[in-house]
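The following block contains a protein sequence and its predicted model.
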Amino acid sequence: MIELKNLTKIYGSKSKSTTALSGLNLTVDKGEVFGVIGHSGAGKSTLIRCINLLERPTGGEVWVGGRNLTALGKRELQRERRRIGMIFQHFNLLSSATVYDNIAFPLRLAGTDKAKVKSKVEELLNLVGLEAHSGKYPAQLSGGQKQRVGIARALASDPDVLLCDEATSALDPQTTDSILKLLLDINRKLGLTILLITHEMHVIQSICDRVAVIHEGGIVEQGPVAEVFLKPKHAVTKDFISRDVAGASGSSVEEGLPKARVSSFSGSPDQPESLVAKLPHADGADGAVYRITCLGENTYGTALSEVVLSTGVHFAILQGTVSTIKEVPYSQLTVSFTGTREAVELAVSKLREREFDVEVLS
Ligand SMILES: Nc1ncnc2c1ncn2[C@@H]1O[C@H](COP(=O)(O)OP(=O)(O)OP(=O)(O)O)[C@@H](O)[C@H]1O
């Protein structure tokens, strides 16, 4: 659906230039929710603004829905842009227009007749849950309501793609969850392809199918969220995950919302050496440290205790997380097993048989 080929963006002049994107390649499939995460200055905004050519790339190609946007003339580009909606961190609403008029704006601009504008705006108000607020002005709305207007306006031209530029960064955690849930509903109901950029891992964890990590203008790691999240390879990815886990809280969320920030405990998930040092016994099989990961319904099952009981090993939990990735539960425990070498090996192989991923950390 979206294909970025060797995308390059250099700002400034020859004497003083900044390379924001350096030969970046990325493919987003039709109907998926794809997240790009990166630290400040990594090139996220530049990347998303290059997709609808709000920012002209210095080099490379942008393909959306099988068309090379970078090769189009002004008029054709204008037409293609109607297939790409965009929402922004600070909403970018017209402050002197009502909610209704903000949503109607792109339709009127495209010359849509009055009756059609009315029915479309009403449909969108209903979709984003703002039926009761159509006559209000942006200043009379909460941040979450403003973003709902932004989403409705972005959907007015029935786009195939929705670009989200840090769409929840200005919102509190609870409002963030309600906007993420709305985006997921829209993705499922309308089959819309969503590309979002963020610096918050829990946004990715809540609604994305795949994620790419951007650093210094290039993609350093990408894949399905569960894979990248549970087995991060690049230092930048590990940093994002450890910050998110460390910053996790048991904050309450509304029924049915993404629960990515719920029920995590522990600090960084990736410091086996420091964990080993804390153990009373760390020789032979005694005290060997393992990371046990379970994805899916087994997360809440009793398999771990059954295996442990049947093999006679003991274990201590050194770190642990129980959470969800896009509504799929997972657990990741770092444990030390104590027992004979044979018993520990048997426990590990039984866990693997029961589809736990067991990684030896020391
Ligand atoms: N208009 C511009 N002129 C010159 N340099 C720019 C411009 N816009 C961005 N840059 C530079 O390009 C690099 C990438 O910036 P970009 O805004 O894309 O990063 P980002 O990941 O979105 O950061 P943030 O999360 O802070 O918004 C940075 O070094 C930035 O200073």
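It's in. Numbers count the residues shown, from 1 in each chain.

Distance check, Val328 against the ligand.
Val328 sits 28 Å away from the ligand, taking C-beta to the nearest ligand atom, to the nearest Å as the criterion. Placement of C-beta: from N, CA and C, glycine included.

Just to check, that residue is in contact with Leu295?
Yes. Here Val328 reaches Leu295: they are 6.5 Å apart, a contact under C-beta atoms under 8 Å.

which residues do the two both contact?
Residues touching both Val328 and Leu295 (C-beta atoms under 8 Å, 6 or more residues apart in numbering) are Ala226.

Looking at these two, which one has more neighbours?
The neighbour comparison of Val328 against Leu295 (other C-beta atoms under 10 Å) goes to Leu295, with 19 against 13.

pretty sure that one is touching Gln332, no?
No. Distance between Leu295 and Gln332: 9.1 Å, which falls outside the contact criterion (C-beta under 8 Å).

shared neighbours, the two?
By C-beta under 8 Å, 6+ apart, Leu295 and Gln332 have these common neighbours: Leu230.

Can you tell me the SS state at Ile213?
Quick fix: residue 213 reads Val, not Ile. strand (DSSP: H, G, I helix; E, B strand; the rest coil).

who's Phe34 bridged to?
When bridges are assigned using DSSP bridges, the partners listed for Phe34 are Leu195, Arg210.

which residues of the stretch 251-362 of the chain fall in strands?
If you assign secondary structure with DSSP state E, counting those that start in this stretch, the strands in the stretch 251-362 of the chain sit at 288-295, 314-325, 328-338, 357-360.

Can you add mean pLDDT and give the ones you listed back as TSV?
Formatted as TSV, the entries for these read as follows, by pLDDT from 0 to 100:
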stretch	mean pLDDT
strand 288-295	90
strand 314-325	88
strand 328-338	90
strand 357-360	90
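
For those strands, could you give me JSON lines that also reports distance to Gly144?
Below are these laid out as JSON lines (distance: least, C-beta to C-beta, whole Å):
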{"stretch": "strand 288-295", "distance to Gly144": "31"}
{"stretch": "strand 314-325", "distance to Gly144": "22"}
{"stretch": "strand 328-338", "distance to Gly144": "26"}
{"stretch": "strand 357-360", "distance to Gly144": "37"}
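
and of these, who's closest to Ser96?
Comparison of the strands of the stretch 251-362 of the chain against Ser96 by C-beta to C-beta identifies strand 314-325 as nearest, at 41.8 Å.

any idea how far the nearest residue to Val313 once chain neighbours are set aside is from Ser362?
On the basis of C-beta to C-beta, 6 or more residues apart in numbering, the spatially nearest residue to Val313 that is not a chain neighbour turns out to be Gly339, at 3.6 Å. Summarising the geometry, the distance separating Gly339 from Ser362, computed by C-beta to C-beta, to the nearest Å, is 16 Å.
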